[in-house]
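**Q** I'd like to go over a predicted model; first the sequence, then the structure.
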Amino acid sequence: MANDGTANESSGDRWEVGSEFHWCGLPASPFLGWPRDVRWYMLARHAIAALIGMRATLRPTLWLPSYFCPEVAEACRLFCDLREYSDDPRWTEPKWSSLRPGSSDFVLAVNYFGVREGGAWQHWRERHDCVLVEDHTQDLFSPWFLNSSADYALASLRKTVPVPDGAMLWSPRGLPLPPEDNEQSSDWSGSALKLAAMFHKAGYLQGQGPDDLKPCFRDLQLKGEQLLGHSKISAISPYSRAYLANGVPRAWRQQRLENAQYLLERLDSLESAELVFRRWPEGAVPFVVLLTFLAQSERDACQASLRRRNIYCPVHWVCQTDDVQARDLSSRILSLPIDQRYGRDEMRRMAAALHDFHGAFAPKAKYVQADVE
């Protein structure tokens with residue numbers, strides 16, 4: 001998970017950028033609609049568990065990229081054997097020689113930060129027999145998402161949409177899906193706490209309630225996340241399903257794109273950090289703007305400096321892997337939030353804060369970009 005939202009309508013010293021979503025009001029049309037046949041779950045890991053439970057009779061093997069969310073990987077370990085292939089968000093495709101699945105194995109492909117194209121995976125799949133599952137969490141409605149030919153695809157919706165829970169599973173090839181979940185056996189207690197936190201945070205950012213409302217909603221967020229992390233396979237909560245009924249507002253995706261373009265223009269001359277990407281496929285929208293630092297100490301110092309100015313930047317992810325290169329990258333990377341809650345004012349303030357830090361911290365360093373292997 002990412003660690004550590006804000007509203008344009010925030011008041012005074014309650015101004016923030018980053019962290020978890022608050023209640024953002026009802027979504028407005030026009031919408032980008034969902035695939036036709038979808039199964040809805042509380043979490044993406046529930047979708048993976050349901051899919052594997054439907055397709056496999058014995059304990060199956062799931063191949064995950066070396067650069068991946070450790071909490072999801074650990075959850076998957078409960079119901080399948082994990083194997084790892086080498087992949088890196090700075091590459092355009094994985095190191096294919098490290099990926100050798102059997103015909104009944106599951107392989108998870110990730111569209112890192114929404115800036116990859118799907119053609120390389122499609123060509124690989126044409127030559128290798130397996131169950132290919134794509135993760136489109138970080139750019140819903142990308143060209144890869146819309147034109148996928150994978151066996152299955154999934155997305156965690158609460159990373160880009162202001163809902164306390166929500167994930168979806170579908171088959172671009174029209175293959176059978178798990179049966180609809182029995183809502184009577186679903187556990188939405190964690191989602192309920194996170195929804196309460198979203199309402200409290202919205203009031204806080206609008207200047208309502210006492211100053212100690214912030215530790216209140218942070219406590220609800222953390223307790224809710226703990227409950228979600230220990231939950232069994234559950235259907236999406238009724239609240240989240242209703243909120244997502246029509247799809248995602250087209251304007252939200254456009255706002256994220258404009259924020260990315262605006263921020264990148266103002267960060268090209270940072271003193272001690274490097275932009276991981278400056279471009280992306282036509283029609284795609286980045287999930288965040290990514291920076292890398294020479295060392296973890298520099299990344300941590302910058303993250304702390306931004307936090308003191310109420311700018312909360314997560315790390316995607318603190319990887320737990322045998323891949324030394326993936327571990328090194330995760331120790332030096334920082335994600336800058338650019339989602340639909342914000343506009344130019346927030347991006348300008350974030351860019352200014354970064355330049356202030358970098359101007360005082362270190363001289364410009366020489367970076368070596370990773371090559372595709």
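**A** Yep, that arrived.

**Q** List the buried residues for stretch 289-299?
**A** Neighbour-count burial for stretch 289-299, counted by 16 or more other CB atoms under 10 Å, picks out 289, 290, 291, 292, 293, 298, 299. Using the backbone N, CA and C atoms, a C-beta is placed for each residue, glycine as well.

**Q** What helix or strand is residue 335 located in?
**A** strand 333-337 (DSSP states H and E).

**Q** Can you show me the helices along the chain?
**A** In the chain, the helices defined using DSSP state H lie at 44-55, 70-76, 119-127, 143-146, 189-205, 213-229, 238-243, 250-267, 296-308, 324-332, 344-361.

**Q** can you pull the buried residues of the fourth one?
**A** Neighbour counts using 16+ other CB under 10 Å place 144, 145 of helix 143-146 among the buried residues.

**Q** Name the strands paired with the strand holding residue 335 and say parallel or antiparallel.
**A** strand 288-293 (antiparallel) (DSSP bridges).

**Q** and the angle from the partner strand to helix 250-267?
**A** 30 degrees (axes from the mean of the first three to the mean of the last three CA atoms, to 10 degrees).

**Q** nearest to residue 163, of the helices of the chain?
**A** In terms of CB to CB, the element of those nearest to residue 163 is helix 238-243, at 4.1 Å.

**Q** Dump that closest one to CSV, restricted to CA.
**A** Coordinates of each C-alpha in helix 238-243 appear next as CSV, following Å, rounded to 0.1, in the frame of the first residue of the first chain:
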residue,chain,number,x,y,z
PRO,A,238,-23.0,-1.3,-1.2
TYR,A,239,-21.8,2.3,-0.8
SER,A,240,-18.8,1.9,-3.1
ARG,A,241,-20.8,0.0,-5.7
ALA,A,242,-23.5,2.8,-5.8
TYR,A,243,-20.8,5.5,-6.1
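
**Q** tell me what that helix is packed against?
**A** Using 3 or more CB pairs under 8 Å, 6 or more residues apart in numbering; DSSP states H and E, the elements in contact with helix 238-243 are helix 189-205.

**Q** just the strands in the stretch 51-200 of the chain please.
**A** 61-65, 81-85, 106-110, 131-135, 152-156, 167-170 (DSSP state E, counting those that start in this stretch).

**Q** And this protein, what are its domain boundaries?
**A** Following automatic domain parsing, one gets these domains for the chain: 34-184, 188-230, 249-361.

**Q** Using CSV, please lay out these together with distance to residue 21 and mean pLDDT.
**A** Compiled in CSV, these are given as follows (distance: least, CB to CB, whole Å; pLDDT from 0 to 100):
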stretch, distance to residue 21, mean pLDDT
domain 34-184, 4, 96
domain 188-230, 6, 96
domain 249-361, 8, 95
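
**Q** Reformat the helices of the chain as TSV; add distance to residue 164.
**A** Output for these, formatted as TSV (distance: least, CB to CB, whole Å):
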stretch	distance to residue 164
helix 44-55	14
helix 70-76	17
helix 119-127	31
helix 143-146	23
helix 189-205	4
helix 213-229	7
helix 238-243	6
helix 250-267	17
helix 296-308	24
helix 324-332	26
helix 344-361	23
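
**Q** For residue 35, find the nearest of those.
**A** Of the helices of the chain, nearest to residue 35 by CB to CB is helix 143-146, at 8.8 Å.

**Q** Go ahead and name everything in contact with the closest one.
**A** For helix 143-146, the surrounding residues in contact (CB atoms under 8 Å, 6 or more residues apart in numbering) are 111, 116-118, 134, 136, 139, 153, 155, 281-284.

**Q** now, which of the residues you listed sits nearest residue 222?
**A** residue 155 (24.0 Å).

**Q** is it true that residue 191 touches residue 43?
**A** No. Using CB atoms under 8 Å, residue 191 is not in contact with residue 43, being 9.5 Å away.

**Q** ok so, going back, would you reformat the domains of the chain as JSON lines and include distance to residue 23?
**A** As requested, the domains of the chain are arranged in JSON lines below (distance: least, CB to CB, whole Å):
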{"stretch": "domain 34-184", "distance to residue 23": "7"}
{"stretch": "domain 188-230", "distance to residue 23": "4"}
{"stretch": "domain 249-361", "distance to residue 23": "11"}
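
**Q** With respect to residue 28, which of those lies nearest?
**A** domain 249-361 (5.6 Å).

**Q** Tabulate the buried residues of stretch 289-299 (TSV), appending distance to residue 73.
**A** Converted to TSV, these look like this (distance: CB to CB, whole Å):
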residue	distance to residue 73
289	25
290	21
291	24
292	22
293	25
298	27
299	22
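
**Q** closest to residue 180 among these?
**A** For these, the nearest to residue 180 is residue 290 (37.3 Å; CB to CB).

**Q** quick one: buried residues of stretch 22-36?
**A** Quick answer for stretch 22-36 (16+ other CB under 10 Å): 22, 23, 24, 27, 31, 34.

**Q** Which of these fall in strands?
**A** residue 31 (DSSP state E).

**Q** From the buried residues of stretch 22-36, pick the one nearest residue 95.
**A** For the buried residues of stretch 22-36, the nearest to residue 95 is residue 34 (32.9 Å; CB to CB).

**Q** ok, so what distance separates the closest one from residue 156?
**A** Residue 34 sits 14 Å away from residue 156, taking CB to CB, to the nearest Å as the criterion.

**Q** returning to what we had before: the more surrounded of residue 191 and residue 43?
**A** Set residue 191 next to residue 43 and count neighbours by other CB atoms under 10 Å: residue 191 wins out with 27 against 24.

**Q** Report the contact partners of that one.
**A** Counting by CB under 8 Å, 6+ apart, residue 191 makes contact with 42, 164, 165, 224, 228, 237, 239, 240.

**Q** Farthest pair within these?
**A** Top of the distance list for the contacts of residue 191 (CB to CB): 228 and 239, 14.1 Å.
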